[in-house]
Structure formats: C-alpha cells, structure tokens
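>>> here's my sequence, what's the structure:
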Amino acid sequence: MTDVLTTRCRRVLLALDLMPETANLTAEPLTGGVASDIAKVKVGDDIYCIKFALPKLRVEADWYAPVERNYAEYRWLKAVNDIIPEASLKLYGHSAEENGFAMDFISGENSYLLKTALFEGKGTERQAAAIGHLLGQIHKASSDATFDTNPFHNRDDFYALRLEPYLVYTAEKHPDIGEALITMSEQLYETETILIHGDVSPKNIIFDNEQPYLLDAECATMGDPAFDLAFCLNHFILKGLYAAEFQKRYLRLCTAFWTAYQLHINWEEKESLEARTMRLLPMLMLARVDGKSPVEYFNAQQKETCRTLARRLIIAPETLLQQVLRSIAAASPA
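Here you go, the predicted structure:
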C-alpha cells in the first residue's frame with residue numbers, strides 16, 4: 001500500500017513540475033476518511049498534501065463512486081479560493097491521469113481537527129459560528145447570477161456518494177417511512193440552486209489560528225443548501241447523543257451555526273430553508289445508524305435512541321431548529 005501510494009504521489013508531483021525527476025520523497029498515509037487515499041508528502045523541505053479518490057469506499061456495504069469526483073473537489077477548492085481567499089488552502093494542481101491533486105498541508109501548534117476537539121468536549125459556539133459564516137459566504141456567492149456553475153453539475157456523483165447510501169439505502173431498511181426518504185432524495189437530486197460541499201463534517205474541518213478550513217469536497221455539486229446545513233447539524237447532534245455530558249454544549253453549537261449562517265441567506269426565504277433542513281435532518285440521523293456509513297462510536301443503546309428519535313421526527317417533522325433541539329434534549333437528557 002505505502003509503495004503504491006508513494007509511486008502515485010511521485011507521478012502527481014512530477015506531472016505538476018513540483019519536484020525534479022531524481023529527487024527523493026516520503027509519503028505518509030493519513031487516516032480519517034473512507035473515500036480517498038490521502039498522504040503527507042515530503043520532498044526536501046517542501047511538504048504537500050496529496051489526495052486520490054477511491055473507486056470503492058472503505059465501508060462494509062458495497063459503495064462505489066466514480067474517481068473523477070476528485071476533480072470536482074479540486075474545482076470546489078478553487079472556487080472557494082476566489083470567494084474567501086483567507087479561508088482557502090493553496091492548491092498546486094490536479095492530475096487527471098492519477099485522479100489526484102496536491103495542496104498545502106496544514107500543521108502547527110495552533111491547528112487542530114474539529115472532530116478531535118469535539119470528542120474532547122472542547123467544541124465552542126465561536127467555532128460553530130465561524131463555520132456557519134464560512135458556509136454562508138460560499139452559498140451566497142454561488143447563488144449570484146455571475147457565478148460559473150458549469151464545473152459543478154455533478155449530481156450523479158452526488159447521488160452515488162450521498163443520496164443512495166444515506167437516503168435510498170436507509171429507506172429500504174425502514175419501508176414504513178421509506179417513501180419520505182425517497183421523495184427527499186428525488187428532490188435533492190433535482191435541485192441545483194447553490195454550490196454545496198456535501199460533506200460538512202467535523203472530520204473535514206481544520207482550525208488554524210481559529211480560522212476554519214473546509215476540506216474533502218468530493219461530493220461538491222450544484223444542489224440544495226439544506227443538505228450542507230443538515231449534514232453539519234447532524235454531526236453536532238450525534239456527538240451530543242454519544243457524549244451526554246457535553247450534549248447541552250453541542251446543541252448550543254447547532255444554534256450558533258444556524259444563527260451565523262442565516263445572516264447570509266438572500267436567495268430564498270429563511271423560513272423555507274430552515275423548514276426544509278429540519279425535514280432532512282432526522283433522515284440523516286437515521287442514515288448514520290442504518291445507512292451505508294454508520295457512525296463508528298455509538299453503542300447499541302445510543303443507536304436505538306438515535307433511531308427512535310429520528311423516526312419520530314421523520315413521521316412528524318418540525319419546522320424550526322429550536323423545536324428539533326428541544327425534542328433531542330427531551331429524548332436524551334444530559
């Protein structure tokens with residue numbers, strides 16, 4: 001594995017003219033994702049992060065997606081670089097032959113992965129608000145009539161990576177509510193309003209000097225902003241269901257995230273987007289228990305709590321975030 005990864009990294013760097021033919025390099029595999037091979041690569045004093053898409057994701061269920069999605073991620077990162085340069089990583093180029101690209105590697109005393117911070121009970125409302133502002137700026141910019149949407153009509157990849165494994169597959173496990181999940185999947189597939197990231201997860205958010213950087217955008221497509229919102233909120237909620245002692249804090253993160261984000265909404269009514277997000281949110285909660293990518297940290301009781309709560313909210317949807325958060329707090333008091 002390491003030899004193959006090293007060879008591929010060498011080919012990418014050579015193709016991008018980032019190293020001499022005779023130079024040595026070391027490639028250190030990085031962990032944390034199921035969809036890609038990622039490496040920290042050193043060539044002399046230069047350090048890069050190089051990423052390749054996997055044709056079959058590392059999960060128990062059969063889950064395949066086209067490797068060309070790697071280029072969608074690269075294009076998303078380039079778009080964000082234009083929108084918010086201060087929240088963007090330096091990109092060195094993409095190799096179509098290797099379906100891989102090179103970018104800056106973030107490291108330092110003041111950099112940390114949000115997922116790690118949350119598991120340590122250190123997530124803050126300030127961090128959540130910073131993420132909400134970042135996502136809101138990206139969504140707002142992409143709603144402008146001058147934004148070039150041509151590189152981001154990737155809804156078939158989005159279906160393979162998100163809609164089928166999260167909603168369609170879960171619907172098969174819950175046939176009594178399956179129609180609601182299938183209908184939502186169809187609506188998300190047809191919507192191409194906003195440039196969405198598709199994987200706004202704490203494992204993909206690095207803070208460096210309190211500036212959030214959003215990574216791993218291989219699900220990027222023109223889509224429904226409700227997906228990014230529900231996906232991120234879902235992760236805060238799941239962490240709260242897992243760590244009861246931090247639940248009140250993590251539910252406050254949801255409020256801070258939405259409060260910051262909604263300041264940027266100008267392409268539709270805020271109430272409409274919030275209601276749509278609240279319909280989707282419990283579906284994603286259920287998918288992280290019974291979909292193709294279940295959370296790895298729940299025990300049996302936590303799975304059942306999440307499943308029961310999610311089903312209840314799917315059957316009788318709420319329209320406001322605060323209503324959903326009250327239901328969660330009541331179902332699993334911290």
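>>> where does pLDDT dip in this structure?
In the prediction, the chain carries residues with pLDDT under 70 at positions 1-2, 31-36, 53-69, 332-334.
>>> all helices of it, in order?
Listed in chain order, the helices of the chain (DSSP state H) span 2-15, 69-83, 114-119, 125-143, 155-158, 169-173, 178-190, 225-242, 247-261, 270-290, 300-315, 321-331.
>>> who wins for proximity to D45 among those helices?
Proximity to D45 (CB to CB) singles out helix 2-15 among those, at 14.1 Å. Where C-beta positions appear, they are placed from N, C-alpha and C, glycine not excepted.
>>> now the closest one: buried residues?
Neighbour counts over helix 2-15 (16 or more other CB atoms under 10 Å) mark L5, T6, R8, C9, R10, V12, L13, A15 as buried.
>>> could these be laid out in CSV, adding distance to E192?
CSV is the format used below for these (distance: CB to CB, whole Å):
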residue, distance to E192
L5, 35
T6, 39
R8, 33
C9, 34
R10, 38
V12, 31
L13, 35
A15, 32
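>>> between those, which is nearest I84?
V12 (25.9 Å).
>>> verify the contact between the closest one and A102 for me.
Yes: with contacts counted by CB atoms under 8 Å, V12 reaches A102, the gap being 5.9 Å.
>>> now list whatever residues contact both of these two.
With contacts taken as CB atoms under 8 Å, 6 or more residues apart in numbering, the residues that reach both V12 and A102 are I50.
>>> tell me who's in contact with the residue lying closest to G291 once chain neighbours are set aside.
Counting by CB to CB, 6 or more residues apart in numbering, the nearest residue to G291 once its immediate chain neighbours are dropped is T170, at 4.5 Å. Residues in contact with T170, defined by CB under 8 Å, 6+ apart, are L181, M283, L286, A287, D290, G291.
>>> and the gap between T170 and S107?
37 Å (CB to CB, to the nearest Å).
>>> what does P29 give?
Taking CB to CB as the measure, P29 and S107 are separated by 16 Å.
>>> do the same with K270
With distances taken as CB to CB, K270 is found 38 Å from S107.
>>> swap in I205?
Between I205 and S107 the distance is 15 Å, computed by CB to CB.
>>> so which of the two has more stuff around it?
Set side by side, I205 and S107 show more neighbours around I205, with 24 against 12, by other CB atoms under 10 Å.
>>> count of neighbours near the closest residue to the more buried one other than its chain neighbours?
Spatially, and ignoring its direct neighbours in sequence, I205 is nearest to L114 (4.2 Å; CB to CB, 6+ apart). Residues near L114, counting by other CB under 10 Å, number 21.
>>> got the domain ranges for the chain?
Each domain of the chain is listed here as a residue range: 2-104, 111-331, per automatic domain parsing.
>>> and those, which is most packed in?
Comparing the domains of the chain by mean neighbour count (mean count of other CB atoms under 10 Å), domain 111-331 comes out on top with a mean of 19.
>>> show the end-to-end separation of it, please.
Separation of the first and last residues of domain 111-331 by CA to CA, to the nearest Å is 35 Å.
>>> next: stretch 163-171.
Stretch 163-171: ends 11 Å apart by CA to CA.
>>> distance from the chain centre to it, please.
Once both centres are worked out by CA atoms, centre = their mean, to the nearest Å, stretch 163-171 turns out to sit 16 Å from its chain's centre.
>>> same thing with stretch 204-215?
13 Å.
>>> check stretch 80-94 too.
That offset, for stretch 80-94, works out to 17 Å (CA atoms, centre = their mean).
>>> same deal with stretch 321-334?
Taking CA atoms, centre = their mean, the mean C-alpha location of stretch 321-334 is offset from the chain mean by 23 Å.
>>> for it, which outside residues touch it?
In this structure, residues lying in contact with stretch 321-334 by CB under 8 Å, 6+ apart are 233, 237, 240-241, 244-248, 251, 254-255, 258, 274, 277-278, 281-282, 305, 308-309, 312-313, 318.
>>> and for stretch 19-32?
1-2, 5-6, 9-10, 13-14, 37-44, 46, 49-50, 113, 115, 203.
>>> let's see 7 Å
By CB atoms under 7 Å, 6 or more residues apart in numbering, the list of residues contacting stretch 19-32 from outside reads 2, 5-6, 9-10, 13-14, 38-44, 203.
>>> just the CA atoms of it, as PDB, please.
Output for stretch 19-32, consisting of C-alpha atoms alone and laid out as PDB, is shown next (Å, rounded to 0.1, in the frame of the first residue of the first chain):
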ATOM      1  CA  MET A  19       9.900  18.000  -7.900                       C
ATOM      2  CA  PRO A  20      12.900  17.100 -10.000                       C
ATOM      3  CA  GLU A  21      13.000  13.600 -11.600                       C
ATOM      4  CA  THR A  22      15.800  12.500  -9.400                       C
ATOM      5  CA  ALA A  23      14.500  13.800  -6.100                       C
ATOM      6  CA  ASN A  24      13.500  11.600  -3.200                       C
ATOM      7  CA  LEU A  25      10.200  11.800  -1.500                       C
ATOM      8  CA  THR A  26       8.400  10.200   1.500                       C
ATOM      9  CA  ALA A  27       4.700   9.600   1.600                       C
ATOM     10  CA  GLU A  28       2.900   9.200   4.900                       C
ATOM     11  CA  PRO A  29      -0.600   7.800   4.700                       C
ATOM     12  CA  LEU A  30      -3.200   9.900   6.600                       C
ATOM     13  CA  THR A  31      -6.300   8.400   8.200                       C
ATOM     14  CA  GLY A  32      -9.800   9.700   8.800                       C
END
